[in-house]
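Chemist: I'll drop the sequence and a predicted model, then ask my questions.
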Amino acid sequence: MNKQEFLDLIVPLAQTEAERRKMAGTGFVLPSICIGQAVLETGWGGSALMTKANAFFGIKATESWNGKVFSSSTQECYDNVNYTTITAAFRAYDTPADSVRDYYDLITNNKRYAAAVNVTDALEAITAIKNGGYATSPTYVENVMSIINSNDLTQYDNVVTENTESNLQPDIDTTKYHEGDFVTYDTIYASSTSESGLTPSQGFNSGTITRVIPWAANPYLINDGTGWVNDGCIISSDNSNGEGCDNTDIKVGDKVRVILNVDYDTDRAFNLYYDEYDVIQINGDRAVIGIGNTVTSAIDVHNIERI
């Protein structure tokens, strides 16, 4: 994974999560902070933590953690001078999107990091995270800020720092589409406030609306994080919410065939090595498939069929 591929993966995840939390009033962390920490902690996605555990961050798996665990060596500095190499258990995830969501949960819900929440200055925010006990390295703040500044990561903070029409709620909801509608679109945006859209490739230009912000420039969130669209870029829709589709009753343990190999959380293609897969988890229209208990990808249930 090169730098651009890493940014293509994490930027929309960080922006979507930050903006979603700001809109919900639950507190946000600047996307530049999230991205900068992920770069530092995974070496632009090259670490085993990322490649084997889908983790952007080296968050320790303490007793309160009920998810997957990945053990790896790491260096800690307990006296601000000397580094000690230890083997630690880190939180592991089914998908990279799960890692970003857990990071935001950790920072916004833990009172140790309260001084970093809803802060629009990157240096102030990362200093508060370091002071909250997130990292032991005495140069952690400087290292993260160097990454942010040298890669202009603050450009991605506009989804929470700019005052746009999305902050003003109109008296009437004029949105045409609703949660659960399956739509096809010719343009997709990184956030609900973005002005510059991207043209999706054929086969990657459809999805289910999972959230609606009526007053936003791009009010429809696709697949809980693929991106945002508006009325002008939707070219067709199915408002049946899946009624009559026999693949919506797929259950854990079913054997399925992949129709379209697109990851639910990243909207990127994943490799297919087998003709059939096991359904490991189901949450709404999001399924996790793999072989046995080994995860291959999260996928929309509309993109698989029971064998």
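Modeler: It's in. Numbers count the residues shown, from 1 in each chain.
Chemist: let's verify the closest residue to Val144 other than its chain neighbours: helix, strand, or coil?
Modeler: Among residues not flanking Val144 along the chain, Gly36 sits closest, at 4.5 Å (CB to CB, 6 or more residues apart in numbering). The C-beta positions use only the backbone N, C-alpha and C, and glycine is treated the same way. Judged by DSSP: H, G, I helix; E, B strand; the rest coil, the three-state class of Gly36 is helix.
Chemist: okay, buried residues for the longest helix along the chain please.
Modeler: In the chain, taking DSSP state H as the definition, the longest helix is helix 3-24. Within helix 3-24, the residues scored as buried using 16 or more other CB atoms under 10 Å are 6-7, 9-23.
Chemist: which strands and helices sit next to the least confident helix or strand in the chain by mean pLDDT?
Modeler: Scoring the helices and strands of the chain by mean pLDDT, DSSP states H and E places strand 68-77 at the bottom, with a mean of 77. The contact analysis (3 or more CB pairs under 8 Å, 6 or more residues apart in numbering; DSSP states H and E) places strand 68-77 against helix 48-53, strand 83-92.
Chemist: what distance do you get for Thr51 to Asn271?
Modeler: As for Thr51, its distance to Asn271 is 14 Å (criterion: CB to CB, to the nearest Å).
Chemist: who has more neighbours out of those two?
Modeler: Under the criterion of other CB atoms under 10 Å, the comparison of Thr51 against Asn271 puts Thr51 first, with 12 against 7.
Chemist: now the more buried one. Nearest residue, chain neighbours left out?
Modeler: Gly45 (7.6 Å).
Chemist: my read: the one you found touches Gln4, true?
Modeler: No: the criterion here is CB atoms under 8 Å, and Gly45 misses it with Gln4 at 10.8 Å.
Chemist: thinking again about what came up before, run through who's touching the least confident helix or strand of the chain.
Modeler: The contact list for strand 68-77, computed with CB atoms under 8 Å, 6 or more residues apart in numbering, reads 48-49, 52-53, 55, 58, 61, 83-94, 136-138.
Chemist: again, only using 6 Å
Modeler: Strand 68-77 has contacts (CB atoms under 6 Å, 6 or more residues apart in numbering) with 48, 53, 61, 83-90, 92, 136-137.
Chemist: so which bits of that strand are buried?
Modeler: By 16+ other CB under 10 Å, the buried positions in strand 68-77 come out as 68, 70, 72, 74.
Chemist: same question, stretch 224-243
Modeler: Within stretch 224-243, the residues that count as buried by 16+ other CB under 10 Å are 224-230, 233-234, 237-238, 242.
Chemist: which residues of this structure fall in strands?
Modeler: Taking DSSP state E, the strands of the chain run over residues 68-77, 83-92, 182-185, 206-212, 220-222, 227-229, 234-238, 255-258, 277-283, 286-291, 294-300, 304-306.
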